[in-house]
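Colleague: Task: produce atomic coordinates for the following.
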Amino acid sequence: MNKKKACLNENARSQAIKYWLKSSANDWPVAQHLFEKGDYHYALFFGHLTIEKILKAMYVDKCGDVPPFTHSLNLLAEKASLKLTAGQKKILETITDFNIEARYPGDKFTFWKRCTSAYTKKYLSEIEGMKKWLLNQIRS
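Modeller: Now for the predicted structure:
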């Protein structure tokens, strides 16, 4: 069986993982700050970025290659060979929607109406739980 050779050398791989994790760690406090200021839809968008970047670090760690240019969290998790429960897949699907709905005009206003304090608080809690779980996976 032929294994694909990693495109990144060990140093580049290590640097890429650090880059994605640091960028994710920088985005998470922004999500919390935006929530505190009442910018709920942007808080969820930054929550999505937090998870996306951890998954990209995991992809680099697992595959030794540049992560795919996608915002689909389930696709990134699949490509990083993560074993997810049905519930985890569902939450990643929902979090992915925060990226799309916060960006594109057709969905933006409907999404903004949905983003109440309670709704956003619930999903930021889900994002935080997923963030912690993913970080535990990358460290093991």
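Colleague: Helices of this structure, start to end?
Modeller: 10-36, 40-63, 73-79, 86-103, 105-114, 117-139 (DSSP state H).
Colleague: Dump those to a markdown table, plus mean pLDDT and mean neighbour count.
Modeller: Bear in mind the C-beta positions are built from the backbone N, C-alpha and C, glycine included. Shown next, in a markdown table, are these (pLDDT from 0 to 100; neighbours: other C-beta atoms under 10 Å):
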| stretch | mean pLDDT | mean neighbour count |
| --- | --- | --- |
| helix 10-36 | 97 | 16 |
| helix 40-63 | 96 | 24 |
| helix 73-79 | 97 | 20 |
| helix 86-103 | 89 | 17 |
| helix 105-114 | 78 | 12 |
| helix 117-139 | 96 | 15 |
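Colleague: Against Ala12, how distant is the residue lying closest to Val30 once chain neighbours are set aside?
Modeller: Take Val30 and drop its neighbours on the chain: the residue closest to it by C-beta to C-beta, 6 or more residues apart in numbering is Phe46, 4.8 Å away. Phe46 is 27 Å from Ala12, where distance means C-beta to C-beta, to the nearest Å.
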